[in-house]
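> Sharing a sequence plus its predicted fold:
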Amino acid sequence: MASLYAMKIEELKGLGKKRAELFHKLGVYSVGQLLNFYPRTYEDWSEITDIADVQDGQTVCVSGELTSGVQSGYTKTGKFIAKVFIADETGVCELVFFNNPYIRTMLKTDVKYRFFGKATRRFSEVQMISPTFSAESDLNIIKPIYNLTAGLPNNVVVKAVRQAVDLLPDEVNDPLPGELREKYGLCGLRFAIENIHFPQSSEALNTAKKRLVIEELLVLNLGLRQLKNRKRSENKNLIKTDFSAEFESLLSFKLTNAQRNAVADCVRDIMNPEVSMNRLVQGDVGSGKTVVAGSLCYTVVKNGGQAAIMAPTEILAEQHYNSFKEILSNTSINIALLTGSVKKSEKEQIRAKLENGEIDLVIGTHALITDKTLFKNLALVVTDEQHRFGVSQRAKLLSKGNNPHLLVMSATPIPRTLGLIIFGDLDISIIDELPPGRQEIETLLIDGLKRQRALGFIRKEVLRGRQAYIVCPLVEEGDSDIELASAEEYAAELMLNYFTDIEVGVLHGKMKPADKEAVMAKFSSGEIKILVATTVIEVGIDVPNATIMMIENAERFGLSQLHQLRGRVGRGSEKSWCILVSDSTTENSSERLKTMCTTRDGFKIADADLKLRGPGDFFGSRQHGLPQLNISSLADTRNLEISQKIADYVIEDSNFLYDDRYRALNAEIKRLFLQTGEETLN
Ligand code: ADP
Ligand code: MG
């Protein structure tokens, strides 16, 4: 394909200088670039609608023949207008074209065409204005639609691309060698290019897309690794023995395969003498990330190192502390909790013991990163729910050891974490499996009028022994007095009017830590039945007996945040419910909330969030310097992970920079990075 990059777009038939300039506007100068100029979208011409079934305003594809010749004339304003009737077995449709005198010669009688476009219906009269059409005999069932610029219609681009594709030799120089494609089930480049532009079927399109996406992410991955390899820090905390099996024997359950794989990835990292671990473990809410971290801490401590887990809230830190204390109760491991609300004298004691090495594992909040906290030999840092921390906070904790290993845990592919994948050189493990026996969570969307019924339902469930969370209405951020008043007022109102005989607790961010803890402890033990809370319960809380989550003003939350909230239920053996309350009627918010009702897959939800709210929310302004991606997306975590595996394979397979089989792949890396003015690789 290299020579096609040298071939100018003007050299294609039918493209004069003027048209070529329009292509330049779109960033396409060479035939090679044209091949990489993928369609913006596709029109599916395979689904035919009977004329009798056409609805007003619908975009349809109808199949028919002309019933008469083309009538033409001029409108009052002097526009050329052509009209013609077509028919299928079910009805007649009028077509109207403006400013196209060629219609008379383009549309012939006795030829079957498909017409695609928006239709209108007034009673029995169906009309389409300026539909696109194609004879049945030379039809692409799925038609490519390109990004266009004024003066450059889609069919001109289609013809140019057709020529370009036909110039490709049968055997193209594929950046992905055959053995690699076979190993990962990816199609060849020739097929991919042909089908991304002119799909033979929707399956062929998917196959093509997948390969091109993975290739692009692979190229990105390999390129970034080359740039960053110099920066990886040496493993100064080499772990010799793997104790993960021993840790598993301390648990009351078996790890899922996905958890085991994640643990194995981590163990491999910390036993790698060359560089220290930098790994992100990503898994949906409830997938069991905590024990993965626990297992790694165990191995590190048994090898003589210290480990620290940093959680974003005191509640979460305490919960981790309690569960680890239980798991490790019959071992000699010393474990401590260090949060802001631990008594001063106790804090001092814990800090002294961290410094002299008496404490092996510490779990805490930001209190861990104050200057006063010092470690004897901190070998592993774990941050839970990473998106809650700034990069600098993480760096601060890391600086307390000598190149300690880093394990980052996150439930959603959220912006900063993604930034870290790219900038922070994190490897990724994905836990894509929930522990067995998880119950369904039924998600319902209701409006305020049904609130009363929902509260009645909660009442019934509580009387059956279950517990519930109610997330109270959001108030503007920053006004802490209002937040406090609103949560407490809201709870008071519920207690007075609905739950007079039921124990209700309140939890919000402005409470004193000790009070928060007391409320959480009562909710955990089942004394409090209904917990009215702000989003402080969003991350990590684990109370399996809680089976209902009701969220007020649901439209005000991001989908990923709703997903996190919902993840607080469905943790036990009982069926659970999530009730979203919203009076918003905008299309965008109802579409978003409906997504919540139909899927529980965090990756799908993150994708939907990205689509509906746009990438701005996800990437902030930090994307400079990264090459422009053509077909893939950094939010596509799954393919990102696959590409990372392939990158590992390529690097292990050979010194690929100098290996002939990977010459074309290297050329792609250079091309992707040169376009940003990024420093030249190798
Ligand atoms: P998250 O990934 O959201 O942090 P947690 O680590 O809090 O999830 O785990 C959720 C719950 O699932 C906890 O109660 C934990 O004890 C339980 N759990 C984790 N792994 C398993 C497993 N393999 N089998 C059964 N239960 C598990
Ligand atoms: Mg968690």
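Received, thanks. If you're wondering where the values come from, they're calculated on a predicted model, not measured in any experiment. Ligands and ions are numbered 1, 2, ... in the order given.
> Convert the top strand by length along the chain to CSV, retaining C-alpha atoms only.
Ranked by number of residues, the top strand in the chain under DSSP state E is strand 113-122. Below are the C-alpha coordinates for strand 113-122, written out as CSV (Å, rounded to 0.1, in the frame of the first residue of the first chain):
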residue,chain,number,x,y,z
TYR,A,113,-34.8,0.9,-8.5
ARG,A,114,-34.4,1.3,-4.8
PHE,A,115,-35.1,4.8,-3.5
PHE,A,116,-33.8,5.9,-0.1
GLY,A,117,-34.7,9.0,1.8
LYS,A,118,-37.2,10.7,4.0
ALA,A,119,-40.8,10.3,3.0
THR,A,120,-43.9,12.4,3.8
ARG,A,121,-47.5,11.1,3.9
ARG,A,122,-50.6,13.2,3.6
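> helices or strands next to it in the packing?
strand 59-66, strand 92-98, strand 125-129, strand 132-135 (3 or more C-beta pairs under 8 Å, 6 or more residues apart in numbering; DSSP states H and E). In short, each C-beta sits where N, CA and C put it, glycine included.
> Nearest to ligand 1, out of those strands?
strand 59-66 (42.0 Å; C-beta to the nearest ligand atom).
> and that closest one, what does it pack onto?
For strand 59-66, the packing partners by 3+ C-beta pairs under 8 Å, 6+ apart are strand 80-87, strand 113-122.
> May I have the residues that are in contact with Glu442?
575-578 (C-beta atoms under 8 Å, 6 or more residues apart in numbering).
> Among these, the buried ones, what's the ChimeraX command?
Only the buried entries of those go into this ChimeraX selection, using 16 or more other C-beta atoms under 10 Å:
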select :576,577,578
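> Any chance of JSON lines for the contacts of Glu442, columns pLDDT, distance to ligand 1 and secondary structure?
Compiled in JSON lines, these are given as follows (pLDDT from 0 to 100; distance: C-beta to the nearest ligand atom, whole Å; DSSP: H, G, I helix; E, B strand; the rest coil):
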{"residue": "Lys575", "pLDDT": "91", "distance to ligand 1": "17", "secondary structure": "coil"}
{"residue": "Ser576", "pLDDT": "95", "distance to ligand 1": "13", "secondary structure": "strand"}
{"residue": "Trp577", "pLDDT": "96", "distance to ligand 1": "18", "secondary structure": "strand"}
{"residue": "Cys578", "pLDDT": "97", "distance to ligand 1": "15", "secondary structure": "strand"}
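> Quick check: the gap between the residue of the stretch 551-682 of the chain found nearest ligand 1 and Lys254.
Of all residues in the stretch 551-682 of the chain, Arg571 sits closest to ligand 1, at 5.7 Å by C-beta to the nearest ligand atom. Per C-beta to C-beta, to the nearest Å, Arg571 is found 17 Å from Lys254.
> the more surrounded of the two?
Arg571 (21 against 11; other C-beta atoms under 10 Å).
> in terms of contact, does that one touch Val285 like I think?
No: when contacts are counted by C-beta atoms under 8 Å, Arg571 is not listed as touching Val285 (9.1 Å).
> If you count neighbours, what's buried in stretch 75-93?
Here stretch 75-93 shows 82, 84-86, 88, 91, 93 as buried, counting by 16+ other C-beta under 10 Å.
> JSON lines for these, including distance to Ala379?
Shown next, in JSON lines, are the buried residues of stretch 75-93 (distance: C-beta to C-beta, whole Å):
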{"residue": "Ala82", "distance to Ala379": "78"}
{"residue": "Val84", "distance to Ala379": "78"}
{"residue": "Phe85", "distance to Ala379": "80"}
{"residue": "Ile86", "distance to Ala379": "75"}
{"residue": "Asp88", "distance to Ala379": "73"}
{"residue": "Gly91", "distance to Ala379": "76"}
{"residue": "Cys93", "distance to Ala379": "74"}
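> by contact count, what packs against the longest helix belonging to the chain?
Longest helix in the chain by number of residues (criterion: DSSP state H): helix 202-228. Where contact means 3+ C-beta pairs under 8 Å, 6+ apart, helix 202-228 is packed against helix 189-197, helix 637-653, helix 663-674.
> Residue numbers of the chain in contact with ligand 1?
Within the chain, the positions lying close to ligand 1 (C-beta under 6 Å from any ligand atom) are 253, 255-256, 259, 283, 285-291, 411, 435, 540, 542, 571.
> do you know which of the helices and strands packed on helix 202-228 lies nearest Ile548?
helix 637-653 (29.8 Å; C-beta to C-beta).
> who touches that closest one?
Contacts of helix 637-653 (C-beta under 8 Å, 6+ apart): 180, 183-184, 210, 213-214, 217-218, 220-222, 225, 282, 413, 421, 427-428, 430, 603, 606, 632, 634, 656, 659, 662, 665.
> what about Ile548, which SS state?
strand (DSSP: H, G, I helix; E, B strand; the rest coil).
> Which strand or helix spans the closest residue to it other than its chain neighbours?
Leaving aside its chain neighbours, Ile548 sits nearest to Ala468 (3.9 Å; criterion: C-beta to C-beta, 6 or more residues apart in numbering). Assigned by DSSP states H and E, Ala468 falls within strand 467-471.
> The spatially closest residue to Lys376 that is not a sequence neighbour: neighbour count?
With C-beta to C-beta, 6+ apart as the criterion, Lys376 has its nearest non-adjacent residue at 3.5 Å, and that residue is Gly357. Residues within reach of Gly357, counting by other C-beta under 10 Å, total 14.
> mind giving me the domain ranges of the chain?
Here the domain assignment for the chain is 46-139, 169-231+649-682, 244-431, 441-619, based on automatic domain parsing.
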